[in-house]
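A.B. asks: Generate a structure from the sequence data that follows.
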Amino acid sequence: MVHPEVPAVRDLSVDLAGVRLRNPLVLASGIWGSSPQTLLRAGRAGAGAVTSKSASVAPRKGHPNPTVLNWGSGLINAVGLTNPGAQAERELLLTVRDALRAAHTALIISVFGGVPGDFAEAVEILEPVQGDLVELNISCPNVHSEFGRPFALEPAAAAAVTRRVRAVHRGPLLVKLSPNTPDIVHVARAVVDAGADGLTAVNTLGPGMLIDVHARRPILANATGGVSGDAIRPIALRCVYELASVIDVPIIGTGGISTGLHALQMIMAGATAVGIGSALVEVGACVFERVLGELLLLMEELDITDLADVRGVAHV
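C.D. replies: Numbering: from 1, shown residues only. Have a look, this model is predicted:
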């Protein structure tokens, strides 16, 4: 008697700093994280975790429009960290927390500040939400005129923020790094030594600029903005590869991910999870289902049953 071949079970689940995700896809902090409805929509569309838009202690109006432009090879944006403030953000996230749990979607709470104490205060205000992880956005390139050099460019400054937050927060802590630093590994080592449980790599590149030749001026109201999407994927991949070579903590690889192939490349470079942001502007919520479907097909083609088996295999 001939028995039909039983298909191999493909395990998409990953462990992110002690938090089990049903799959490695993470909604990156950004426009989709600015409302409870879009956070939940991303979770129901297939994201294993969602990241809220970065919140500060006080509300921020951000930059005037135009703030985001699809320039053909990615996005350039200078939203300016618009947010309602940590108190209002707490109430918004509380309305969606239980629904996210019911959808088996982890919640990553993102915060930023002008000085290390601001990060810690924002985390304390948001503590009642009981998010699964906290992400420290120390790397936004669009507000340097207000806050000075991003903390992510200097190991000591990055460590100071991490240490200050670790003093008030015991849960899993991620730090979002910048591709603009000349030595991302040095910065990463500093934040891990200061108490970070994991890393997000990377934030947008730049700032960059586009010019309207008819108006004879920069297109963005802020003149410059962070560059994301396809154009920065090779840079993000290199950053993850370098980090995973020397630092043994989970990494969310972020930058230009829109296909299952991109996701698997990030994982082979050493990422535990994969962030998706800019692709939502062009593809919409269905990008999560598409990436997962393509990832499963690649796993079948390459005879991969568990993503842990190929994490970091590209290292030579």
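
A.B. asks: Next, the contact list for the residue nearest to residue 289 when sequence neighbours are not counted, please.
C.D. replies: Nearest non-adjacent residue to residue 289, counting by CB to CB, 6 or more residues apart in numbering: residue 46, 5.1 Å away. Bear in mind the C-beta positions are built from the backbone N, C-alpha and C, glycine included. Going by CB atoms under 8 Å, 6 or more residues apart in numbering, residue 46 touches 23, 25, 288-289, 292.

A.B. asks: Ok, residue 165 next?
C.D. replies: 116, 119-120, 123, 134, 136, 173, 195.

A.B. asks: Same list, those, but as JSON lines with pLDDT, neighbour count and secondary structure please.
C.D. replies: Converted to JSON lines, the contacts of residue 165 look like this (pLDDT from 0 to 100; neighbours: other CB atoms under 10 Å; DSSP: H, G, I helix; E, B strand; the rest coil):
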{"residue": "116", "pLDDT": "96", "neighbour count": "21", "secondary structure": "helix"}
{"residue": "119", "pLDDT": "97", "neighbour count": "27", "secondary structure": "helix"}
{"residue": "120", "pLDDT": "98", "neighbour count": "22", "secondary structure": "helix"}
{"residue": "123", "pLDDT": "98", "neighbour count": "25", "secondary structure": "helix"}
{"residue": "134", "pLDDT": "98", "neighbour count": "24", "secondary structure": "strand"}
{"residue": "136", "pLDDT": "98", "neighbour count": "32", "secondary structure": "strand"}
{"residue": "173", "pLDDT": "98", "neighbour count": "21", "secondary structure": "strand"}
{"residue": "195", "pLDDT": "98", "neighbour count": "17", "secondary structure": "coil"}
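
A.B. asks: quick one: which of the residues you listed is nearest to residue 239?
C.D. replies: Nearest to residue 239 among these, counting by CB to CB, is residue 136 at 16.9 Å.

A.B. asks: Run a quick check on that closest one versus residue 177, I expect a contact.
C.D. replies: No - the criterion here is CB atoms under 8 Å, and residue 136 misses it with residue 177 at 9.9 Å.

A.B. asks: Quick check: residue 36 touching residue 98?
C.D. replies: No - Residue 36 is not in contact with residue 98 according to CB under 8 Å; the separation is 11.0 Å.

A.B. asks: quick one, which of those two is more surrounded?
C.D. replies: residue 36 (18 against 9; other CB atoms under 10 Å).

A.B. asks: all strands in the stretch 51-200 of the chain, in order from the N-terminus.
C.D. replies: For the stretch 51-200 of the chain, the strands defined by DSSP state E, counting those that start in this stretch cover 68-70, 75-77, 106-111, 133-137, 173-176, 198-201.

A.B. asks: Just to check, residue 264 is in contact with residue 295?
C.D. replies: Yes - the pair residue 264 and residue 295 passes the contact test of CB under 8 Å, sitting 6.1 Å apart.

A.B. asks: quick one, which of these two is more surrounded?
C.D. replies: Here residue 264 and residue 295 are compared on neighbour count by other CB under 10 Å; more neighbours surround residue 295, at 25 against 22.

A.B. asks: Can you tell me what sits against whichever strand or helix holds residue 44?
C.D. replies: Residue 44 belongs to helix 36-45 when assigned by DSSP states H and E. The contact list for helix 36-45 (CB under 8 Å, 6+ apart) reads 27, 31-33, 50, 52, 92-93, 95-96, 99-100, 103-105, 107, 280, 285-286, 288-289.

A.B. asks: Just the buried residues from those, in PyMOL please.
C.D. replies: A single PyMOL command selects the buried members of the contacts of helix 36-45 (16 or more other CB atoms under 10 Å):
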select buried, resi 27+31+32+33+50+52+92+93+96+100+103+105+107+280+285+288
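
A.B. asks: Which of the contacts of helix 36-45 fall in helices?
C.D. replies: Among the contacts of helix 36-45, DSSP state H puts 92-93, 99-100, 280, 286, 288-289 in helices.

A.B. asks: pLDDT and distance to residue 161 for those - can I get that in a markdown table?
C.D. replies: Below are these laid out as a markdown table (pLDDT from 0 to 100; distance: CB to CB, whole Å):
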| residue | pLDDT | distance to residue 161 |
| --- | --- | --- |
| 92 | 97 | 24 |
| 93 | 98 | 21 |
| 99 | 98 | 31 |
| 100 | 98 | 26 |
| 280 | 95 | 28 |
| 286 | 96 | 36 |
| 288 | 98 | 30 |
| 289 | 97 | 36 |
